[in-house]
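Enquirer: turn this into a model:
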Amino acid sequence: MPKVAYHLHRPERRSSCVVFASPHSSRDYPWSFLRHTMLDEQAIRSSEDAFVDDLFGCAPDFGAPLLCAGAPRAYVDLNRAADELDPALIEGVRRGGHNPRVASGLGVVPRVVAGGRAIYRGKITRDEADSRLARIWHPYHARLQTLLHEAHGAFGEAILIDCHSMPHEAVENTVPRGGHKPEIVIGDRFGASATAEIVDRVEAAFAAHGFRVARNAPFAGAFSTQHYGRPSRQQHAVQVEIDRALYMDEATITPNARFDEIRRILRGVVAEIAIIGARDQALAAE
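Expert: You can find the predicted model right below:
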């Protein structure tokens with residue numbers, strides 16, 4: 001089993017209400033899990049947001065914590081609700097209302113990885129699914145909510161930046177005629193999970209560093225954005241998707257020649273986003 005539910009990287013001094021999170025970047029695949037999957041060690045990683053934790057690893061340098069998953073997405077998906085259980089995978093789960101994520105095999109315990117490739121030969125027990133939720137899902141989200149509460153208490157608001165990566169081909173059908181594919185897709189649930197001011201500033205931070213940015217298509221945000229985005233309570237959530245082809249070879253899941261350059265550029269982006277959350281610091285301290 002994975003050694004820990006999450007990895008928390010805190011700044012020496014918290015100077016921003018922003019919390020960065022990377023729920024899909026873990027590559028700690030337990031041997032007990034790998035020996036029960038139909039997939040090889042390369043294929044099982046195809047849904048992983050590889051290296052995203054590294055790309056955003058500088059967040060604590062700018063006064064913001066970074067929370068990273070301790071378990072891989074193929075093992076338990078931290079960007080799904082705990083009750084998104086798949087009856088086609090988990091014994092004893094009753095079929096409920098139609099949920100397109102669960103129906104496609106992408107529930108909280110995934111049945112498939114990228115390309116719809118099955119992870120298991122058969123079903124897993126309900127006890128096994130519940131154990132993963134208890135050991136990984138619940139501790140991760142308890143810690144994330146605590147970080148947001150701390151931010152709100154110290155600064156009067158909290159901003160979650162939920163960091164992900166997307167396959168290069170994911171935006172193929174979203175490009176307007178004569179346009180260019182976005183390199184960054186920002187999701188705010190079409191305005192429901194964060195105020196326009198905050199989303200504008202997140203977008204501007206990426207655009208100022210040369211990235212092509214789109215909003216909400218094809219990714220508007222999933223569980224974390226929906227669950228934690230409460231702008232009326234001064235708690236905002238923004239999902240960020242970065243094109244994997246910018247920094248890695250998707251076929252081999254290895255950093256490409258631009259990896260260090262992209263990480264350096266993102267350092268500037270992270271610094272600007274952290275400043276968004278520091279703008280009211282002086283007022284909060286009075």
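Enquirer: and Glu48, what does it touch?
Expert: Glu48 makes contact with His24, Ser25, Ser26, Arg27, Pro72, Arg73, Ala74, Ile253 under the criterion Cβ atoms under 8 Å, 6 or more residues apart in numbering. (Glycine included, C-beta is placed from N, CA and C.)
Enquirer: redo that, cut-off 7 Å
Expert: For Glu48, the contact set (Cβ atoms under 7 Å, 6 or more residues apart in numbering) comprises His24, Ser25, Arg27, Pro72, Arg73.
Enquirer: how many residues are close by the nearest residue to Asp61 once chain neighbours are set aside?
Expert: In this structure, Asp61 finds its nearest non-sequential neighbour in Pro11, 7.3 Å apart by Cβ to Cβ, 6 or more residues apart in numbering. Counted by other Cβ atoms under 10 Å, the residues lying close to Pro11 total 16.
Enquirer: repeat for Leu67
Expert: 27.
Enquirer: in a strand, it, correct?
Expert: Yes - assigned with DSSP: H, G, I helix; E, B strand; the rest coil, Leu67 falls within a strand.
Enquirer: who does it form a beta bridge with?
Expert: Note on Leu67: beta-bridge partners by DSSP bridges are Leu8, Ala21.
Enquirer: quick one: residues contacting it.
Expert: Tyr6, Leu8, Val19, Ala21, Arg143, Leu144, Leu147.
Enquirer: show only the entries of the residues you listed found in helices.
Expert: Arg143, Leu144, Leu147 (DSSP state H).
Enquirer: quick check: of these, which lies closest to Leu246?
Expert: Nearest to Leu246 among these is Leu144, at 26.2 Å by Cβ to Cβ.
Enquirer: wait, doesn't that closest one sit right on Ala21?
Expert: Yes - between Leu144 and Ala21 there is a contact under Cβ atoms under 7 Å: 6.1 Å.
Enquirer: looking at the two, which is more packed in?
Expert: Ala21 (32 against 23).
Enquirer: surely that one meets Ile159?
Expert: No - Ala21 is beyond contact range of Ile159, at 11.1 Å (criterion: Cβ under 7 Å).
Enquirer: out of the contacts of Leu67, what pair is the most spread apart?
Expert: Tyr6 and Val19 (12.3 Å).
Enquirer: would Thr242 count as being in a strand?
Expert: Let me fix one detail, which is that residue 242 is Ile and not Thr. Yes - assigned with three-state DSSP, Ile242 falls within a strand.
Enquirer: how about the nearest residue to it, chain neighbours excluded?
Expert: Closest residue to Ile242 apart from its sequence neighbours, by Cβ to Cβ, 6+ apart: Ser165 at 5.2 Å.
Enquirer: SS state for the one you found?
Expert: strand.
Enquirer: which one of Tyr6 and Val19 has more residues nearby?
Expert: Val19 (26 against 22).
Enquirer: is the more buried one in contact with Ala151, as I believe?
Expert: Yes - between Val19 and Ala151 there is a contact at 6.1 Å, judged by Cβ under 7 Å.
Enquirer: now list whatever residues contact both of the two.
Expert: Common neighbours of Val19 and Ala151, using Cβ under 7 Å, 6+ apart, are Ala158.
Enquirer: what ranges do the helices span in the stretch 101-250 of the chain?
Expert: Along the stretch 101-250 of the chain, counting by DSSP state H, counting those that start in this stretch, helices occupy 126-132, 138-155, 196-208, 223-228.
Enquirer: burial measure for the closest residue to Asn99 other than its chain neighbours, as a count.
Expert: Excluding its sequence neighbours, the residue lying closest to Asn99 (Cβ to Cβ, 6+ apart) is Glu84, at 6.2 Å. Look at Glu84: counted by other Cβ under 10 Å, it has 17 neighbours.
Enquirer: who's in contact with Glu84?
Expert: With contact set as Cβ under 7 Å, 6+ apart, Glu84 has these partners: Asn99, Arg101, Val102, Gly107, Val108.
Enquirer: do that again at 6 Å, thanks
Expert: Contacts for Glu84 (Cβ atoms under 6 Å, 6 or more residues apart in numbering) come out as Val102, Gly107, Val108.
Enquirer: check Arg10 too.
Expert: With contacts defined as Cβ under 6 Å, 6+ apart, Arg10 is in contact with Pro65.
Enquirer: if I look at it, how far off is Gly57?
Expert: Using Cβ to Cβ, to the nearest Å, Arg10 is found at 13 Å from Gly57.
Enquirer: pretty sure Ile44 is in a helix, no?
Expert: Yes - if the criterion is three-state DSSP, then Ile44 is within a helix.
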